Each structure stands twice: as structure tokens, then as C-alpha cells.
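A.B. asks: Using only what follows, build the 3D model:
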Amino acid sequence: MDPRVQQFMAMIKAKNPGENEFHQAVQEVSESLIPFIEENPKYKHAKILERIAEPERTIIFRVPWLDDKGEIQINRGFRIEMNCAIGPYKGGLRFHPSVNLGILKFLAFEQVFKNSLTTLPMGGGKGGSDFDPKGKSDNEVMRFCQSFMTELFRHIGPETDVPAGDIGVGGREIGYLFGQYKRLKNEFSGVLTGKGIEWGGSLIRPEATGYGATYFAQEMLATRGDSLKGKIVCISGSGNVAQYATEKVTELGGRVVTSSDSNGFIYDPKGIDAEKLAFIMELKNVHRGRIREYAEKFGVQYFENKRPWGIICDIAMPNATQNEINAEEAKTLVKNGCICVAEGANMPSTIEAVEVFLNARILYGPGKAANAGGVATSGLEMTQNSMRLPWSREEVDERLHTIMKNIHTTCVLYGKQKDGFINYVDGANIGGFVKVANAMIAQGVV
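C.D. replies: Purely as a prediction, here's the structure:
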């Protein structure tokens, strides 16, 4: 490791002990940025990297709620407002037992760069709770969401902080959260994104992250005169991102052969076609079942407590969660002929796995670039809410496609090396940094 990075990371770890995911995210970014900052002293003098790694505001609160048995349950709520140099804080809410301060700080830090890359005026934030919606009734989820928003509402607003969904927070949860905000504030405003189409949501928003990651993969492949047509694709996850990545990959001529959840993955060598995808959507979005039921219905292999990265494929799209590809799995993917990795999840590859991909000189699109389509379309939803004017499906999709192309162009601008190899990690980190850093300098020491 570069001694300058080592020194910076020692300071970060001392100030943020035990927050391993946050350390990982900051290290990955600082390895790209510190050499760039040394060549651009104005950023060093203003201590932009030190400032950008410190949240502007960290909110932690108690969330008491009543379960269906009448017993009081207590969870912990969070909102990390990381940076608002270029716009209101923007980023999802995650409801999952794994949620803690370190994970949300990593996500908020990544969000700053991701939102900057979209070119839309959005700062970075993230929030959530250690509440687990799995196995809870609709009424329990509603009571939890109402209690959560009863505290959060005082810290957010359409010009201040605009949360969205994330793991464990889908249309149902956004509806309950929005209803409580509206009741408390006595106003109908674009304070949350991912809303229902009937009450302020945007067309294409559910599809946006999966579609966007696929568009980004398409752009990366085009730099080598290639496309998705005829490619075998391994996708992890079976939620929103994975579902719509599967749909768009299939539409563009690829064959998706895997789907997974926290219990294991299915391998369908014939490919997950439209009919099979409809089954997954019904299974996950309506019945909230497990992916092994796909294997039982269609007679394919199911691998319990395994991840799909041992399956031979041309393209890998990790769409589940952080650190789901380790160094050994990355080596297996490369050895099996994988030529492209497009991340639909946030930081799904460990630092060691990223090194494997870069050393192998395959196409590697990091999450802050490849999965920015979700927050980009949230930004488009904010615009429509401000205008009180919904756009058509085709118009939103066209804008999303253009944004993903522009993000790719930015990554190439800052990441193309002298020998022609495009380091998308450097490109995304530096490209996302410059806009925020210039805004911070212009606004003074705040």
C-alpha cells in the first residue's frame, strides 16, 4: 500500500474504530484519489479528502413499536447525512439485522461519489435500521415504519434530505413511511423516492438499478467491440436489482443462468426467460418465498448456502450485497473466462477481489458507477415531483440510458491509462470526487 494511503487510513481507523466496511470503502477511494490530489494541490490544501470522509451529520435514534402480540419491540434507527455540497442529501434506507453505523457510513460515503457521477444535483446520505421485515405481518411493518418516521421526519425534507428504498425497504415500506411523513408535516411533497405511481412515483424507478447496470455493462463491452448478445451471465440476488437486470440482459440477447438469495442459488443452464422471471417476481415480491422454490418448480440445480461465482460465465453481475465476491471467487471467475463484471450492489467485491479483476485487465465496473441508475432515476423522480408533472416510461428510460452513458464517458475520461486500458475504479472515484471537491472549495470551510 502507498505510504500516503497507509497514513491516511491510520487516521480514519483511529477516528472510526471497528467500522470495517467504512474503512474498506474509504481505502478503495483513497488509493485512487491520493495520487490525484498530490497532482492537484488545491484539494490537498483544502483537506477535501479528510472532510469528505467525515459525515456532516450522524443521527441515531430509538424505534419502539408494538408487535402483533402486543409486546413492545425496540430497534435502532440511523440517518447519515454525509455531504450536501452539490444538493440535498440523497440515499436509501436499509432495514436489515446487519445494519450498523459502519455499514451505513460506507454506503453514505459511496453515495456521495455515485450521486456526483449522475451529474444530477444530489448530495450523499444513507440510513436505516436493524429491523428485519422478513416474517413480519403488514401491520407490524406499518407500525415499525410509522415509529421510525416519527423521529426521522424532523431531519428530512424535499430541500434537505430525500431518502429512498434499499434492502428491506420496497414499495410497501416507502408507502407506510410516506403516509406517516405526510400526516406529521401536513404536506404532500417529494420527500421520499420509490413512491407508488399513483402518488408521485416515477415510471422505470423499480427497474432503474438493474437496467442501469446492464446499460453500463453494454457500454463497457462496446469499448472492446463486443456486446451482451449471446453472453452467459451470472447474476446474484433475486430482489429488485437482480430481477430487472435479468429482464434487460435477456432483452439485449444475453442468457442469465443464476439467481440467488441468502440461503443459496439456482443454476438454470437454459436461461431464466420471461416466464421464469415472472415466477421469481411473484415468488419474491408477493409471496416473499425462497429461491429454492424455483429449483423445485423448474427442475434445476439448487446449491444451498453457496454463491454463484463458480458457474462458468462471460459476465458476472453481483446484485445482492456488500463483499459477496472474495479474492478466490474472483480468481475462479477470471479462470472460467469471465470478461466483464458490472456491480449492481454496493461494494459487492472485496478489495482483494477488485485487485484480481484489475490485474487480469477484464472490464470491471464498480458499484458507484455501474449501479448509479437507481439513484439517477430517484433524482428524475424528484424533478417530476417539483414540476408536478409525470414523464412517460419511454422518456424516463431514455434519460436513464443517457445518464449511464455519461457516467461511462466520465469514467473513461478519468480512468483511461496510457496503454488504453480503462481503470473504471480510478475513473469513477476521481470523476465523482472532482465535482464535489470543487463545490466544497467554492463554498468555503463549512
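
A.B. asks: How many residues are close by residue 199?
C.D. replies: 11 (other Cβ atoms under 10 Å). Heads up, the C-betas are built off the backbone N, CA and C, glycines and all.

A.B. asks: quick one: the residue nearest to it when sequence neighbours are not counted and residue 385, what's the gap?
C.D. replies: Using Cβ to Cβ, 6 or more residues apart in numbering and skipping residues adjacent in sequence, the residue nearest residue 199 is residue 178, 7.5 Å away. Using Cβ to Cβ, to the nearest Å, residue 178 is found at 11 Å from residue 385.

A.B. asks: ok, the residue sitting nearest the centre point of the chain - contacts?
C.D. replies: By Cα atoms, centre = their mean, the chain has its centre lying nearest to residue 346, at 4.4 Å. Residue 346 sits next to 106, 107, 110, 321, 322, 367, 368, 371 when contact means Cβ atoms under 8 Å, 6 or more residues apart in numbering.

A.B. asks: can you check residue 351 too?
C.D. replies: Counting by Cβ under 8 Å, 6+ apart, the residues that residue 351 touches are 24, 27, 28.

A.B. asks: let's see 10 Å
C.D. replies: Contact analysis of residue 351 by Cβ atoms under 10 Å, 6 or more residues apart in numbering lists 23, 24, 25, 27, 28, 31, 323, 327.

A.B. asks: One more: residue 123?
C.D. replies: Contacts of residue 123 by Cβ under 10 Å, 6+ apart are 56, 81-91, 108, 111-112, 115-116, 160-162, 436, 439.

A.B. asks: swap in residue 113?
C.D. replies: 25, 29, 33, 52, 83, 124, 366-369, 372, 428-433, 435-436.

A.B. asks: Go again with 8 Å.
C.D. replies: Counting by Cβ under 8 Å, 6+ apart, residue 113 has contacts 29, 124, 368, 428, 429, 432, 433, 436.

A.B. asks: circling back to that earlier point, for the residue nearest to the centre of the chain, grab phi and psi.
C.D. replies: phi -90, psi 120 (degrees, to the nearest 10).

A.B. asks: Distance-wise, check it relative to residue 209.
C.D. replies: In terms of Cβ to Cβ, residue 346 sits 10 Å off from residue 209.

A.B. asks: can you give me the helices for the stretch 201-350 of the chain?
C.D. replies: Assigned by DSSP state H, counting those that start in this stretch, the stretch 201-350 of the chain shows helices spanning 208-222, 240-251, 274-281, 292-298, 327-335.

A.B. asks: picking that back up, the residue nearest to residue 199 - that's part of a helix, no?
C.D. replies: Yes. Counting by DSSP: H, G, I helix; E, B strand; the rest coil, residue 178 is part of a helix.

A.B. asks: burial measure for it, as a count.
C.D. replies: Neighbour count for residue 178, taken as other Cβ under 10 Å: 24.

A.B. asks: go on, the one 3 residues further on?
C.D. replies: Other residues within reach of residue 181, judged by other Cβ under 10 Å, total 22.

A.B. asks: what do you get for residue 270?
C.D. replies: 10.

A.B. asks: do the one 5 residues further on as well
C.D. replies: Applying other Cβ under 10 Å, we find 8 residues neighbouring residue 275.

A.B. asks: so residue 104 touches residue 127, yeah?
C.D. replies: Yes. Here residue 104 reaches residue 127: they are 6.4 Å apart, a contact under Cβ atoms under 8 Å.

A.B. asks: overlap in contacts of these two?
C.D. replies: Joint contacts of residue 104 and residue 127 (Cβ under 8 Å, 6+ apart) are 78, 80, 94.
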